[in-house]
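**Student:** A predicted structure for the sequence below; I have some questions about it.
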Amino acid sequence: MAKEEKILLEINNLRKYFPVKGIKGPGVQAVQDVSFFINKGETLGLVGESGCGKTTLGRTILRLYEPTGGKITYDGTPIYDNPLGPDGKPVGKPSAVNMLPYRRKMQIIFQDPSASLDPRMTVGEIIGEAIDIHKLAPGKAERADRIKELLRRVGLNTEHANRYPHEFSGGQQQRVGIARALAVKPEFIVCDEPISALDVSIQSQVVNMLEDMQQELGLTYLFIAHDLSVVRHISNRIGVMYLGSLVELGESYELNRHPIHPYTQTLLSAVPVPDPQVSRTRQRIVLQGDIPSPMNPPSGCRFHTRCPYATDKCRQETPQFKEHEPGHWAACHLLEK
């Protein structure tokens, strides 16, 4: 009998708009009506081209950016709720909880380690700061032991605690960022492209380390990345974003074997195959035109301006994000029977 999976994080119709000075209207519509859930202990991969809103979505879930509308539920408790009316505008005032207790449960590993580590603080101070804020160490000796234990866990020497971030390589700086995220013993970590700034050999070390820590500590990840092969390797399920909207979500193997949204098919056709004979015969799908501006997104389906199969219905109506096969969700009019 399969064990029942517990939903750790659920988001419904989440939106994040950035107002633009001097321009009327909603501004930059970075995230638009995104809904999904993440089960406890799993990894949800999030892919899409640059500027599609992946990082903004990750930061909005943690409320580093305050959402514009929608609902975020963590472990059964709504941490943000601002329901939307039929016209798509928020109804009433948002209800939001104090995030301090949840900061301990939800952490983030930033994309650029050199920009997210304070150059004036030693590595020991950077990791210890979170321990101090949440009062996790009763004394100085316990605090020092905890910092050393975290450095050992991420593959660094304990003497590194007295060094400054600029004294480390990019891979080592990213390990410091991971140690800082682990310092408060979180349950859920947003991995915001933690390997995109690293070379390939270091990438595999960091990915393997993240997987090992997930096994040992029972962590749940939202893994944001560009590299589809890495996401396929680490994720249980994969979500595909385009211009602020989630267009497809499914099991990792199923999504790679049988993509049902035209945009996902295009993304997967761009992944290089290491077999010369196969790559010669493969037909790559090339999209026409450029990504529209999130300040003025197209009406209806946001992908219709570049979709080779677009119809009049796609231009007028926004497709619903719904389950077309068990566990396989997509937002496309072409899939409706």
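**Tutor:** Okay, I see it. Numbering: from 1, shown residues only.

**Student:** and residue 48, what is it in contact with?
**Tutor:** Listed by Cβ atoms under 8 Å, 6 or more residues apart in numbering, the contact partners of residue 48 are 54, 240, 241, 242, 267. In short, each C-beta sits where N, CA and C put it, glycine included.

**Student:** so which strand or helix has the closest residue to it other than its chain neighbours?
**Tutor:** Leaving out its chain neighbours, the residue that sits closest to residue 48 by Cβ to Cβ, 6 or more residues apart in numbering is residue 241, at 3.6 Å. Counting by DSSP states H and E, the element that carries residue 241 is strand 237-242.

**Student:** what sits up against that strand?
**Tutor:** For strand 237-242, contacts defined as Cβ under 8 Å, 6+ apart pick out 34, 36, 42-49, 52-54, 57, 231-232, 246-252, 255-256, 261, 263-264, 267, 302-303, 327.

**Student:** hey, where'd the helices end up in the stretch 51-200 of the chain?
**Tutor:** 54-61, 100-105, 113-116, 123-133, 140-153, 170-182, 200-217 (DSSP state H, counting those that start in this stretch).

**Student:** JSON lines for those, including mean pLDDT and mean neighbour count?
**Tutor:** Output for those, formatted as JSON lines (pLDDT from 0 to 100; neighbours: other Cβ atoms under 10 Å):
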{"stretch": "helix 54-61", "mean pLDDT": "95", "mean neighbour count": "23"}
{"stretch": "helix 100-105", "mean pLDDT": "91", "mean neighbour count": "15"}
{"stretch": "helix 113-116", "mean pLDDT": "88", "mean neighbour count": "17"}
{"stretch": "helix 123-133", "mean pLDDT": "93", "mean neighbour count": "19"}
{"stretch": "helix 140-153", "mean pLDDT": "93", "mean neighbour count": "16"}
{"stretch": "helix 170-182", "mean pLDDT": "92", "mean neighbour count": "23"}
{"stretch": "helix 200-217", "mean pLDDT": "90", "mean neighbour count": "15"}
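
**Student:** how about those in a markdown table, adding distance to residue 320?
**Tutor:** What follows is those, written out as a markdown table (distance: least, Cβ to Cβ, whole Å):
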| stretch | distance to residue 320 |
| --- | --- |
| helix 54-61 | 19 |
| helix 100-105 | 30 |
| helix 113-116 | 37 |
| helix 123-133 | 41 |
| helix 140-153 | 44 |
| helix 170-182 | 35 |
| helix 200-217 | 33 |
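
**Student:** Would you map out the domains in this structure?
**Tutor:** Per automatic domain parsing, the domain ranges recorded for the chain read 1-97+236-337, 113-219.

**Student:** Lowest average pLDDT across those?
**Tutor:** With a mean of 88, domain 1-97+236-337 has the lowest mean pLDDT of those.

**Student:** circling back to that earlier point, quick one, which of the contacts of strand 237-242 are buried?
**Tutor:** The neighbour-count test (16 or more other Cβ atoms under 10 Å) applied to the contacts of strand 237-242 identifies 34, 36, 42-49, 52-54, 57, 231-232, 246-252, 255-256, 261, 263-264, 267, 302-303 as buried.

**Student:** Need the residue closest to the centroid of the chain.
**Tutor:** residue 224 (3.9 Å; Cα atoms, centre = their mean).

**Student:** Am I right that that residue is in contact with residue 196?
**Tutor:** No: the criterion here is Cβ atoms under 8 Å, and residue 224 misses it with residue 196 at 9.2 Å.

**Student:** Can you list the buried residues in stretch 82-92?
**Tutor:** 82, 84.

**Student:** Over to stretch 256-275?
**Tutor:** 256, 259, 260, 261, 262, 263, 264, 266, 267, 268.

**Student:** quick one: contacts of that stretch?
**Tutor:** By Cβ under 8 Å, 6+ apart, stretch 256-275 touches 47-49, 228-229, 232, 238, 240, 242, 247-248, 255, 279, 282-285, 287, 303, 307-309, 324-325, 328, 330-332, 334-335.

**Student:** Mind checking which of those residues are in strands?
**Tutor:** In strands, defined here by DSSP state E, the members of the contacts of stretch 256-275 are 47, 238, 240, 242, 247, 248, 324, 325, 328, 330.

**Student:** OK, contacts around residue 178?
**Tutor:** Here residue 178 is in contact with 109, 154, 194, 206, 209, 210, 213 (criterion: Cβ under 8 Å, 6+ apart).

**Student:** Residue 234 too?
**Tutor:** By Cβ under 8 Å, 6+ apart, the contact list for residue 234 reads 43, 45, 207, 210, 211, 221, 223.

**Student:** Read off the pLDDT value for it.
**Tutor:** You'll see residue 234 listed with a pLDDT of 92.

**Student:** where's it relative to residue 43, distance?
**Tutor:** Using Cβ to Cβ, to the nearest Å, residue 234 is found at 6 Å from residue 43.

**Student:** joint contacts of these two?
**Tutor:** By Cβ under 8 Å, 6+ apart, the residues touching both residue 234 and residue 43 are 221, 223.

**Student:** Tally up the residues packed near residue 218, please.
**Tutor:** Close neighbours of residue 218, defined as other Cβ atoms under 10 Å, add up to 10.

**Student:** which residue sits closest to it, ignoring its sequence neighbours?
**Tutor:** residue 41 (5.7 Å).

**Student:** How many neighbouring residues does the one you found have?
**Tutor:** So residue 41, with other Cβ under 10 Å, has 16 neighbours.
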